[in-house]
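1. Sequence plus the predicted model coming up.
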Amino acid sequence: MHRAARRQMLKFCQLLVVLVLLTLGSRAWTQQAAPPPVKPAGGPQTLNPAAPTAPGAPLPNSIHGIVAGQDGEVYEGVRVVLTAAGSNAAPARTATTDSNGAFNFADVPSGAFQLTFTSSGFVTRTVTGVLNPGESYDARAVVLSVAVTTTDVRVTASRAEIALEQVHEEEQQRVLGVVPNYFVTYVPNAAPLTAREKYALSWKTSVDPVIFLAVGAFAGIEQAANTFSGYGQGAQGYGKRFGAGYAYAFSNTMIGSAVLPAIFKQDPRYFYKGTGTIRSRAFYAIANSVICKGDNGRWQANYSAILGSLAAGGLSNLYYPASDRNGVALTFDNTLIGTGEGAIENLFQEFVIRKLTPRLPHSAQSNP
């Protein structure tokens, strides 16, 4: 196997180790998270006695959740109405959120239901679901938006404005609040990106401090193993390894996620599925290493990623040591390895990363 191919395999193994450590560390991080501050939202500030907040573990046949604002602060005094579906459904029940922004309905009949959230100055929000017998249904964090802003967006927002707002939300996505995770959307029908937005996301990813730290760490590992011995050792050798590593990452991101997607009108993001069987979701994730959504919303071959990897691999021959240049063979080896790494990354996106991302788009809060 060529040296560059071995280098990619080393990075591939390191990626797996880092992601496993992140998964294990997320539990401790979640347990240490401080509760959000309380921000009154107006209205009564006592919980309806028909739906007391559970002091401990949720009870069976109950529905509970938390109401918060876009800034993450919880809202007290929000009116919550529980309505059951069906002609013989029980009467609607009402509660108000407590000082922690929490609400809880106990002894709820199983079946389909709807929760309606209202508060003065905020847009009315509805959440639907199905309560199974003996289940405790967690409605997750329900986000309320200011009435004027939300109404204006729904009535007058253009497709480009919606896409821009979704991009701003994606720019807040960081694994464990640290590692940038911009090229994934949790909104199934997300608006397509403009060419300018593709370049903006790619540039923001390429210059993120975490990327420089990751490249620096890999350069140190390569120097310790004397990978690409033609670079030598010492500060000069480390600098060459760092420069080569960053050049590959930068060119791969900019060409595969901005230049070619703008030309071929393809969306460089991973569209989170989140529903269906484990097998169907795994197949979907793996397939997304070679297919993508076009700007027209249709699935197609991912020319941008494949050709972008070929281009980045070809450029890498310009800065590899002469003894490690293997021409076309090296370029295709890097492309195949990159496609495999993409499939593994998509699997982590589908089954792990969402759980480690503290800030998600508002429209994705109630999705599984």
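-> Right, received. Where do you want to start?

2. Just confirm residue 237 contacts residue 223, I think it does.
-> Yes. With contact defined as CB atoms under 8 Å, residue 237 reaches residue 223; the gap is 6.0 Å. To be clear about C-beta, it is placed using only N, CA and C from the backbone, and glycine gets the same treatment.

3. anything in contact with each of those two?
-> residue 231 (CB atoms under 8 Å, 6 or more residues apart in numbering).

4. Show me what the host helix or strand of residue 168 is packed up against.
-> For residue 168, the element it lies in under DSSP states H and E is helix 159-170. Packed against helix 159-170 by the contact rule (3 or more CB pairs under 8 Å, 6 or more residues apart in numbering; DSSP states H and E) you find helix 147-156, strand 184-185, helix 195-206.

5. now that helix and helix 195-206, what's the angle there?
-> 10 degrees (axes from the mean of the first three to the mean of the last three CA atoms, to 10 degrees).

6. Show me what counts as buried in helix 159-170.
-> Across helix 159-170, burial judged by 16 or more other CB atoms under 10 Å covers 163-164, 166-167, 169-170.

7. And stretch 280-295, by the same measure?
-> Neighbour-count burial for stretch 280-295 flags 281-282, 284-286, 288-289, 292-295 (criterion: 16+ other CB under 10 Å).

8. Could you export those as a markdown table, including distance to residue 72?
-> Output for the buried residues of stretch 280-295, formatted as a markdown table (distance: CB to CB, whole Å):
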| residue | distance to residue 72 |
| --- | --- |
| 281 | 29 |
| 282 | 32 |
| 284 | 31 |
| 285 | 29 |
| 286 | 34 |
| 288 | 30 |
| 289 | 34 |
| 292 | 32 |
| 293 | 30 |
| 294 | 35 |
| 295 | 32 |
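
9. so which two of the residues you listed are the farthest from each other?
-> Spanning the widest gap among these are 282 and 295, at 26.6 Å by CB to CB.

10. that older thread, quickly, which of the helices and strands packed on helix 159-170 bottoms out on average pLDDT?
-> Of all those, helix 147-156 carries the lowest average pLDDT, namely a mean of 52.

11. now the helices for this structure?
-> Shown for the chain, the helices assigned by DSSP state H span residues 3-31, 147-156, 159-170, 195-206, 209-224, 234-254, 260-264, 278-287, 303-316, 327-351.

12. Which secondary structure elements does the shortest one sit against?
-> Yep, that's helix 260-264 we're talking about. Short answer (3+ CB pairs under 8 Å, 6+ apart): helix 260-264 packs on helix 195-206, helix 303-316.

13. what's in contact with it?
-> With contacts defined as CB under 8 Å, 6+ apart, helix 260-264 is touched by 193, 195, 198-199, 266-268, 294, 303-304, 307-308.

14. could I get the buried residues of stretch 280-295 as CSV with pLDDT and distance to residue 159?
-> CSV is the format used below for those (pLDDT from 0 to 100; distance: CB to CB, whole Å):
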residue, pLDDT, distance to residue 159
281, 94, 28
282, 95, 32
284, 94, 25
285, 94, 27
286, 94, 30
288, 92, 23
289, 89, 28
292, 93, 19
293, 93, 15
294, 93, 15
295, 90, 11
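
15. domains for this protein, by residue range?
-> 3-28+157-364, 42-143 (automatic domain parsing).

16. Return the distance of the last one from the chain's centre.
-> If I follow you right, that is domain 42-143. 26 Å (CA atoms, centre = their mean, to the nearest Å).

17. pLDDT averaged over that domain - what is it?
-> If you average the pLDDT values across domain 42-143, you get 80.

18. That concludes my questions; thank you for your assistance.
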